[in-house]
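Novice: can't give you the sequence, but here's the structure:
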């Protein structure tokens, strides 16, 4: 890098260190680089802003945000938790395992880690503590399990990655199922072992008719992911259309079947979703301006040449990329990181013969782990506010679960077959 490029990088890092909002830091550093260093007319930046948001794929993001808000306003989330609890709540650590399953259920609809930690963690952390579960364990498990929101499809980060790489979104979604199940199983086994070792009281096994009653009450909530994925992979509708179908279905269920959402709540849900969607869009816009500056300066090509000359195997490259992405995830949100870093890594994948679908899952998992990694992991702040605990306390609580997730990350990095199995079966991709 020359001095001008180093100055822009220092400006970006300095802005973020000064707690300037991420989208503003990305936009203004990108604008400064484009106009002052590259010498591009400022009007071009307006075109870049427009093009960055004029993407049909972003419709999927907006409607899945709306669907998640509908569920948290109504009772779908509560019914998903009750279903998970009746299925595994009688095991040692059963209520915590139910929380992990509930994160998987909710992640299969919302596509967001933040939405999952707010909806499930906000309910489950107090519930676990009230049932005499160890407080640090309770906070740790319900801060890290919501990573399933970006791993199990639909995933907002995967949607943006597919938009940049032009990979099949449906095929990319399929890469998340097996890794998601591995995370659920690994975290559940640890929860079972921890609670059994510490002698936490077990609840009685539910009677058969209680299980049937809960499943009957929850059938409409449980059908939502079935409709989404059944429709996508049967070819009835596309991923874009699935997001809209999910919203219409969730509205109908909450308004007319569960009747836990009133008509007066509809305006609040739509406005809240609009604010969240606008927040995502301004991040996309700001990141796109900075990404365009990187393209003008040919920084991705320079990095690609440097990487190829210094790394001679795909595995050494992926190991270094994992470390880099874990560090990036500590400081940058997954939306910005995906938009900025994907164009940088894309030429490198071709050089090393790495499948873009495999890398998309690895990148998403890395950045998802960043949500619960100090110093700026968003999930840490949310859980700390719920439990009224300091960031340091929450950071210590998540350590065992972070180690589990990093172990799975390394397994999937160097053994891509579980990631690519379903795309190969359904789409002959990867």
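Specialist: Cool, got the structure. Note that the coordinates shown come from a computational prediction; the quantities given were computed from them, not determined experimentally.
Novice: for residue 126, which non-adjacent residue is spatially closest?
Specialist: Using C-beta to C-beta, 6 or more residues apart in numbering and skipping the chain neighbours, the partner closest in space to residue 126 is residue 386 (7.1 Å). Heads up, the C-betas are built off the backbone N, CA and C, glycines and all.
Novice: so how many other residues sit close to that neighbour?
Specialist: When neighbours are defined as other C-beta atoms under 10 Å, residue 386 has 21 of them.
Novice: pLDDT (mean, whole number) over the host helix or strand of it?
Specialist: Following DSSP states H and E, one finds residue 386 within helix 378-387. When pLDDT is averaged along helix 378-387, the result is 82.
Novice: average model confidence for the helix or strand following it?
Specialist: Reading on from helix 378-387 to the C-terminus, the next helix or strand found by DSSP H and E is helix 391-414. In this model, helix 391-414 has a mean pLDDT of 92.
Novice: which parts of the helix or strand hosting residue 348 are buried?
Specialist: Using DSSP H and E, residue 348 falls within helix 334-352. Neighbour-count burial for helix 334-352 flags 334-345, 348-349, 352 (criterion: 16 or more other C-beta atoms under 10 Å).
Novice: what residues does the helix holding residue 386 touch?
Specialist: Helix 378-387 is contacted from outside by 113-114, 117-118, 121-122, 125-126, 129, 135, 138-139, 142-144, 146, 333, 371-374, 389-391, 393-395, 398, using C-beta atoms under 8 Å, 6 or more residues apart in numbering.
Novice: quote the end-to-end distance of stretch 196-208.
Specialist: 25 Å (C-alpha to C-alpha, to the nearest Å).
Novice: repeat for stretch 384-394
Specialist: 6 Å.
Novice: buried sites along that stretch?
Specialist: Residues of stretch 384-394 classed as buried by neighbour count (16+ other C-beta under 10 Å): 384, 386, 387, 389, 393, 394.
Novice: farthest-apart pair in the residues you listed, please.
Specialist: 386 and 393 (12.3 Å; C-beta to C-beta).
Novice: now do the phi/psi pair for residue 18.
Specialist: Here is the backbone geometry of residue 18 (degrees, to the nearest 10): phi -80, psi 10.
Novice: how about the one 3 residues further on?
Specialist: Torsion angles at residue 21 (phi, psi; degrees, to the nearest 10) stand at phi -50, psi 140.
Novice: ok, now how distant is it from residue 424?
Specialist: Relative to residue 424, residue 21 is positioned 41 Å away (C-beta to C-beta, to the nearest Å).
Novice: for residue 179, same thing?
Specialist: Going from residue 179 to residue 424 by C-beta to C-beta gives 15 Å.
Novice: which of these two has more neighbours?
Specialist: residue 179 (23 against 14).
Novice: let me see the contact set for that one.
Specialist: 151, 361, 365, 408, 412, 418, 419.
Novice: of those residues, closest to residue 290?
Specialist: Checking the contacts of residue 179 against residue 290 with C-beta to C-beta, the nearest one is residue 365 at 23.6 Å.
Novice: now the helix or strand where that closest one lies and helix 378-387, what's the angle there?
Specialist: Following DSSP H and E, one finds residue 365 within helix 356-370. Counting by axes from the mean of the first three to the mean of the last three C-alpha atoms, to 10 degrees, helix 356-370 lies at 40 degrees to helix 378-387.
Novice: quick check: closest non-adjacent residue to residue 214.
Specialist: Spatial nearest neighbour of residue 214, chain neighbours left out: residue 86 (4.4 Å); criterion: C-beta to C-beta, 6+ apart.
Novice: what is the burial count for that neighbour?
Specialist: So residue 86, with other C-beta under 10 Å, has 20 neighbours.
Novice: which residues does it contact?
Specialist: Contacts of residue 86 by C-beta under 8 Å, 6+ apart are 206, 210, 211, 214, 215.
Novice: sec struct for residue 373, please.
Specialist: coil (DSSP: H, G, I helix; E, B strand; the rest coil).
Novice: test my guess that it contacts residue 326.
Specialist: Yes: counting by C-beta atoms under 8 Å, residue 326 is a contact partner of residue 373 at 7.1 Å.
Novice: higher neighbour count, these two?
Specialist: Higher neighbour count among residue 373 and residue 326: residue 373, with 22 against 18, using other C-beta under 10 Å.
Novice: quick one: contacts for that one?
Specialist: 326, 329, 330, 380, 398, 402.
Novice: name the element the spatially most central residue of the chain belongs to?
Specialist: For the chain, residue 150 is the residue whose C-alpha lies nearest the centre (C-alpha atoms, centre = their mean; 2.5 Å). Per DSSP H and E: residue 150 is located in helix 148-151.
Novice: what does that helix contact?
Specialist: 100, 103-104, 106-107, 110-117, 155-158, 176, 179-180, 183-184, 334, 361, 364-365, 367-368.
Novice: hmm, who's touching the next helix or strand after that helix?
Specialist: Next helix or strand after helix 148-151 toward the C-terminus (DSSP H and E): helix 156-165. Contacts of helix 156-165 from elsewhere in the structure, counted by C-beta under 8 Å, 6+ apart, are 55, 57-58, 60-61, 64-65, 111-112, 150, 167-169, 172-173, 176, 239, 280, 284, 334-335, 338-339, 342-343, 346, 356, 360, 363-364, 367-368.
Novice: ok now helix 156-165, how far from the chain's centre?
Specialist: 12 Å (C-alpha atoms, centre = their mean, to the nearest Å).
Novice: average model confidence for that helix?
Specialist: The model assigns helix 156-165 a mean pLDDT of 88.
Novice: got it, and stretch 264-281?
Specialist: 85.
Novice: now do the buried residues in it.
Specialist: Buried, per 16+ other C-beta under 10 Å, within stretch 264-281: 269, 273, 276, 277, 280, 281.
Novice: could you dump these to JSON lines with secondary structure?
Specialist: Below are those laid out as JSON lines (three-state DSSP):
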{"residue": "269", "secondary structure": "helix"}
{"residue": "273", "secondary structure": "helix"}
{"residue": "276", "secondary structure": "helix"}
{"residue": "277", "secondary structure": "helix"}
{"residue": "280", "secondary structure": "helix"}
{"residue": "281", "secondary structure": "helix"}
